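In: here is a sequence with its predicted model. Questions after.
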Amino acid sequence: MKKIAVSLLIAIAGGLVALGAHSLFTKEDVRYINSPSQNTPAYLASNPGIAGALELPDFTIAANNTVHAVVHIKTEYERKSSVYDNFFDFRDFFNQRGMQGRPMPVEASGSGVIISPDGYIVTNNHVVAESDKIQVTLNDKRTFSANVIGTDPSTDLAVIKIDAKDLPFLIYGNSDNLQIGEWVLAVGNPFNLTSTVTAGIVSAKARNINILGSPDGSAIESFIQTDAAVNPGNSGGALVNTMGELVGINAAIASGTGYYSGYSFAIPANIVRKVAGDLVEYGTIQRGFLGVSIRELDSKLAEEQGIIDIRGVYVADVTDNGAAKEAGIRTGDIIMSIEGVEVNSTSELLGLIGQHKPGDKVSLAVKRGNKNLDFDVTLKNRDGNVSLVKREDVDIQSLLGARFAPLSDKLKMSLDVDFGVQVTSLSDGRLRSAGVREGFIIVRVDGKEIRSVDDLALTLSNKKGGVLLEGVYPNRTRAYYGFGM
């Protein structure tokens, strides 16, 4: 029995020694596996070979350069715009008061970015749309009255101007070169708190959030999505990179409350540069069109069309006399890249084409079946030519509160008409007040045939008194409308 007891004690002792040795060699591994966040290993600062300090970007120079070029905009207007009904936009915090049943002017505020030393400022269209009075306050507290130079609802951009010189301004960066995860700063005036700077990263690019809603299909939504905090009042403010270059104009937030909840969207600087340049030089946008109907290429469409490689943008149709058809692009082709930049969504394609005007030549890489083809496409305007839009066209749009387009051959054939211009969109103005609806085709004005937008402008330019419109809707309903000039 003594031998058995001694053997048992020796076995127990050996087990304890083995267990202790195991714990000694494995203790640290278990600790890291079970609780890595509470047991991060520490290293001596004098041992750089093991771990180095994490270096964060320095925002001070970019912030200091930007705040002096971002302005505070206050506006007065009679009614609130319905833009951004589906999102909480930056005009939902306005104060509206009335006295003895008489409505006072609505006051609103937002931001803007100085883009030239002589006082040109870019902002959002929804910041200044319908405004009767615009007041701009600089970072040095000087205040100026501003005039609207031009607006573009299809990109939600506008240019205003103040009478000043030698102003600080921002340099455009190349927004196409922005990378997902890159640091950016948002600078604006949220809640009337001037010169506010927040930081975040680029969360996504070429976002289409269905916020601009253009009936004529001209809206360009290719937003930069960031997690930089923006709030009511940031509209029209700057999105800059760490070098202080303007890479976007802040435009919208996705929120159920109207306050920042993690998602903000900015218009890319490459689009801003083009639109602002057009508005300053021409007073309107010189928009180049490919002349195609496009669809997102997904697994369902790929299966329907027998497409194996799900990349690019699918051409669902080509417009008669359009740029794409003239260059040789066909229905069913897949656009893979524009000017060497790959496109995998309709918003990416629209954003790239939106940087060009009629007459510009762009190179397209296209996949047709198993073939890879290259095309040089000369963009056209809505009328199917490369002419730039004249200021008279802008005047007629403002005069009537509408945008117009020539009739397609298909529409002419279906309605059995040889001429006319179609109302593609309406804002507040004479046509809407007269009862005209979108889609109406103006065939005659006071009995005179209207064959182009130029004809319409010429007929109404010096008109006084009553005007009679004769026309037809796409469903063949004929209609007559009258209004005064």
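Out: Happy to help now that I have it.

In: quick one: contacts of the helix or strand that Lys74 is a member of?
Out: Taking DSSP states H and E as the criterion, Lys74 maps to strand 70-77. The list of residues contacting strand 70-77 from outside it, by C-beta atoms under 8 Å, 6 or more residues apart in numbering, reads 105-114, 121, 123, 127-139, 146, 160, 187-189, 192, 194-195, 236-238. Every residue, glycine included, has its C-beta placed from N, CA and C.

In: hmm, which of those are the buried ones?
Out: With neighbours counted by 16 or more other C-beta atoms under 10 Å, the contacts of strand 70-77 contain buried members at 106, 108-114, 121, 123, 127-131, 134-139, 146, 160, 187-189, 194-195, 236-238.

In: among those residues, which are in strands?
Out: Within these, membership in strands is found for 106, 108-114, 121, 123, 131, 134-137, 146, 160, 187-188, 238, as judged by DSSP state E.

In: so for the strand holding Lys74, what gets flagged as buried?
Out: Going by 16+ other C-beta under 10 Å, strand 70-77 has these buried residues: 70-75, 77.

In: now Asn64: which helix or strand?
Out: Using DSSP H and E, Asn64 sits within helix 60-67.

In: could you count how many residues lie near the nearest residue to Leu379 once chain neighbours are set aside?
Out: The shortest distance from Leu379 to any residue that is not its chain neighbour, by C-beta to C-beta, 6 or more residues apart in numbering, is 3.2 Å, and that residue is Gly288. Under the neighbour criterion other C-beta atoms under 10 Å, Gly288 is assigned a count of 24.

In: show me how this structure divides into domains.
Out: Using automatic domain parsing, the domains assigned to the chain come out as 1-55, 57-285, 292-378, 392-484.

In: wait, which of those is closest to Gly384?
Out: Closest approach to Gly384 among those (C-beta to C-beta): domain 292-378, 4.4 Å.

In: follow-up on the earlier one: what angle separates the helix holding Asn64 from strand 106-114?
Out: 130 degrees (axes from the mean of the first three to the mean of the last three C-alpha atoms, to 10 degrees).

In: and helix 60-67, what's its mean pLDDT?
Out: Mean pLDDT, helix 60-67: 93.

In: so how far is that helix off the chain centroid?
Out: Average the C-alpha atoms of helix 60-67, do the same for its chain, and the two points are 24 Å apart (C-alpha atoms, centre = their mean, to the nearest Å).

In: what do you get for stretch 431-440?
Out: Here the centre of mass of C-alpha atoms in stretch 431-440, compared against the chain's by C-alpha atoms, centre = their mean, lies 28 Å away.

In: any stretches of this protein with poor pLDDT?
Out: Along the chain, segments meeting pLDDT under 70 span 1-54, 78-104, 213-217, 256-261, 390-395, 461-463, 485.

In: if we use 50, what do you get?
Out: Residues of the chain that meet the criterion pLDDT under 50 lie in 6, 8, 17, 19, 21-51, 80-102, 215.

In: wait, Arg444 touches Glu470, no?
Out: Yes. Here Arg444 lies in contact with Glu470, judged by C-beta atoms under 8 Å, at a distance of 4.2 Å.

In: higher neighbour count, the two?
Out: Of the pair Arg444 and Glu470, Glu470 is the one with more neighbours under other C-beta under 10 Å, namely 19 against 16.

In: make sure that one is actually in contact with Lys448.
Out: No. Under the criterion of C-beta under 8 Å, Glu470 is not in contact with Lys448, lying 9.8 Å apart.

In: partners of the strand holding Lys74, with directions?
Out: Strand pairing for strand 70-77, using DSSP bridges, gives strand 106-114 (antiparallel), strand 131-137 (antiparallel).

In: next one: that strand to chain centre, how far?
Out: Taking C-alpha atoms, centre = their mean, one finds the center of strand 70-77 at 21 Å from the center of the full chain.

In: Ser154 and Ala251, how far apart?
Out: Ser154 is 13 Å from Ala251, where distance means C-beta to C-beta, to the nearest Å.

In: quick one: which of the two has more around it?
Out: When Ser154 is set against Ala251 and neighbours are counted by other C-beta under 10 Å, the residue ahead is Ala251, at 33 against 21.

In: need the contact list for that one.
Out: Residues touching Ala251, when contacts are defined by C-beta under 8 Å, 6+ apart, comprise 124, 156, 223, 235-236, 265-267.

In: which of those tops the neighbour count?
Out: Across the contacts of Ala251, neighbour numbers were computed from other C-beta under 10 Å; Gly236 holds the maximum, 33 neighbours.

In: ok, it to Phe59 distance?
Out: Here the distance between Gly236 and Phe59 works out to 21 Å (C-beta to C-beta).

In: next one: Lys380
Out: In this structure, Lys380 and Phe59 are separated by 44 Å, where distance is defined by C-beta to C-beta.

In: with Ala69 instead?
Out: Distance from Ala69 to Phe59, by C-beta to C-beta: 16 Å.

In: ditto for Val377
Out: Using C-beta to C-beta, one obtains 41 Å as the distance from Val377 to Phe59.

In: if we can go back for a sec, of Lys380 and Phe59, who's got more company?
Out: Of the pair Lys380 and Phe59, Lys380 is the one with more neighbours under other C-beta under 10 Å, namely 24 against 18.

In: what does the more buried one show for phi and psi?
Out: Main-chain torsions, Lys380, degrees, to the nearest 10: phi -120, psi 170.

In: quick check: it touching Gly288?
Out: Yes. Lys380 lies in contact with Gly288 (C-beta under 8 Å); the separation is 7.1 Å.

In: need the residues touching each of the two.
Out: The overlap between the contact sets of Lys380 and Gly288 (C-beta under 8 Å, 6+ apart) consists of 323, 358.

In: confirm that Pro168 sits in a helix.
Out: No. Under DSSP: H, G, I helix; E, B strand; the rest coil, Pro168 falls outside any helix and is assigned coil.

In: now it, nearest residue through space, not along the chain?
Out: Of all residues beyond its chain neighbours, the one nearest Pro168 is His68 (4.2 Å), with distances taken as C-beta to C-beta, 6+ apart.

In: hang on, that neighbour packs against Phe169?
Out: No. Between His68 and Phe169 there is no contact, the gap being 9.1 Å when judged by C-beta under 8 Å.

In: what about the closest residue to Leu407 other than its chain neighbours, how many neighbours?
Out: If the residues on either side of it in the chain are set aside, Leu407 comes closest to Gly420, at 5.4 Å by C-beta to C-beta, 6+ apart. Applying other C-beta under 10 Å, we find 25 residues neighbouring Gly420.

In: got the contact list for Gly420?
Out: Gly420 touches 407, 441-443, 450-451, 471-472, counting by C-beta under 8 Å, 6+ apart.

In: now those as JSON lines including neighbour count?
Out: Formatted as JSON lines, the entries for these read as follows, by neighbours: other C-beta atoms under 10 Å:
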{"residue": "Leu407", "neighbour count": "19"}
{"residue": "Ile441", "neighbour count": "24"}
{"residue": "Ile442", "neighbour count": "25"}
{"residue": "Val443", "neighbour count": "20"}
{"residue": "Ile450", "neighbour count": "24"}
{"residue": "Arg451", "neighbour count": "15"}
{"residue": "Gly471", "neighbour count": "22"}
{"residue": "Val472", "neighbour count": "18"}
